[in-house]
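[1] any chance you can model this:
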Amino acid sequence: MKKGRRLSYAQAGVLGLAGLSSFDRFLGWIKKTLDGHPEVKTELGLYATIIQIAPNLGLALSTDGVGTKLLVAEAMKKYDTVGIDCVAMNVNDIICVGARPMAMLDYIAIQDVKKEFLVELGKGLYKGAAEAEISIPGGEIAQLREMVKGIEEGMGFDLVGCAVGLVDMRKIIVGDDIKEGDVVVGLASSGLHSNGYTLARRALLRKWKADKYIDELGRTLGEELLEPTRIYVRPAMAMLKAGIKVKAFLHITGDGFRNLRRVPSKVGFELDNLPKPMPIFRLIQRQGGISNEEMANTFNMGVGLCVVVSARDAQKVIQVSKRHKIPGQVIGRAFSDREKKIVIPSMQVVGKEERFFPMN
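    Predicted structure coming up:
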């Protein structure tokens with residue numbers, strides 16, 4: 001990286017969709033499908049759309065994929081963990097509306113169906129489903145030799161899922177009752193999860209091969225990058241079962257901590273007690289010459305799920321998370337703010353509608 005040059009997600013090839021004319025027009029057509037369907041509660045969905053299927057019962061829907069983390073799997077010739085990521089990225093969104101995940105359908109687009117790694121993908125999907133306590137009752141495998149390409153000929157594939165869950169319509173978690181002084185409990189991530197890999201690969205894999213052992217990480221770069229996304233279903237459901245008044249579950253994925261702005265409450269959040277960044281985040285930032293604003297806007301920085309509760313319930317959340325072997329801590333608090341800013345003093349950044357900016 002040349003001195004003074006800073007790498008951004010856009011420079012790595014990933015553009016934000018907000019404000020793009022083609023995306024806005026695409027959404028215009030999709031939104032027309034909602035006409036005449038009052039049972040679809042998109043305004044409540046946040047991370048998942050809810051379809052009311054009975055007076056007090058809703059079906060929560062979410063879909064997501066693994067992204068370019070799959071290229072790391074191909075580089076390492078290790079395919080038995082990315083199925084976990086596929087499950088995680090979907091069920092972690094489902095729980096954010098207070099729904100219990102029930103099942104997921106998978107879609108695999110593959111260049112050569114004869115390749116044995118398909119079996120390894122199945123192993124990962126099974127492991128993820130077992131952890132999330134869901135089934136995978138069906139899916140689709142599409143053989144797209146002319147469309148799907150990988151690093152090596154015949155090894156290209158994509159992996160996507162669509163998860164469903166059930167929620168009591170009277171107990172949907174929307175995030176509309178957050179008040180100044182409410183706290184944010186951050187549950188630890190396992191690493192990068194499945195976001196920001198285009199930027200991470202640009203920062204790291206131009207210098208090192210995936211099988212390079214990195215002392216700072218204590219393992220190879222590929223092993224670190226393939227660490228599966230943590231699944232938060234069990235602790236989240238345990239919190240609800242214990243009667244903890246959860247005001248918001250927020251899955252920290254793309255857009256980093258700006259995901260906290262999804263809540264409709266007119267509050268901002270000051271995150272003044274983030275955990276020390278894991279070595280992988282420090283390595284990416286240093287090798288890529290990446291700004292704090294770009295890091296906060298792209299990565300989870302060690303926190304995979306935020307739980308917003310009243311101050312009196314914070315320790316209950318931490319205790320439940322600890323019982324499920326996931327570290328948790330209070331990382332910040334809500335404050336009244338119509339602009340809904342996300343302030344991170346340790347990184348000297350503030351998140352607004354479009355992205356994070358340096359603090360003045």
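
[2] just the pLDDT for E152.
    pLDDT for E152: 89.

[3] list the contacts for it?
    E74 (C-beta atoms under 8 Å, 6 or more residues apart in numbering). The way it works is simple: take the backbone N, C-alpha and C, and place the C-beta from them, glycine included.

[4] using the three-state scheme, assign it.
    coil (DSSP: H, G, I helix; E, B strand; the rest coil).

[5] and A88, how far from D211?
    From A88 across to D211, the span is 24 Å (C-beta to C-beta, to the nearest Å).

[6] please compute how far the helix or strand containing A334 lies from its chain's middle.
    Taking DSSP states H and E as the criterion, A334 maps to strand 328-336. Relative to its chain's centre, strand 328-336 lies at 19 Å (C-alpha atoms, centre = their mean, to the nearest Å).

[7] pairing partners for that strand, with directions?
    strand 183-188 (antiparallel), strand 267-270 (antiparallel) (DSSP bridges).

[8] any idea of the mean pLDDT in it?
    Throughout strand 328-336, pLDDT has a mean value of 98.

[9] for the next helix-or-strand element following that strand, packing partners?
    Following strand 328-336 in sequence order, the next helix or strand is strand 342-344 (DSSP H and E). Judged by 3 or more C-beta pairs under 8 Å, 6 or more residues apart in numbering; DSSP states H and E, strand 342-344 is in contact with strand 267-270, strand 349-351.

[10] mean pLDDT, mean neighbour count and distance to L199 added to the ones you listed, as CSV?
    Shown next, in CSV, are the helices and strands packed on strand 342-344 (pLDDT from 0 to 100; neighbours: other C-beta atoms under 10 Å; distance: least, C-beta to C-beta, whole Å):
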stretch, mean pLDDT, mean neighbour count, distance to L199
strand 267-270, 98, 23, 24
strand 349-351, 96, 23, 16
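
[11] and L27, what's its pLDDT?
    pLDDT, L27: 79.

[12] what's the local residue count around it?
    11 (other C-beta atoms under 10 Å).

[13] show me where the stretch 151-300 of the chain has its strands.
    157-168, 183-188, 213-214, 219-220, 248-251, 267-270 (DSSP state E, counting those that start in this stretch).
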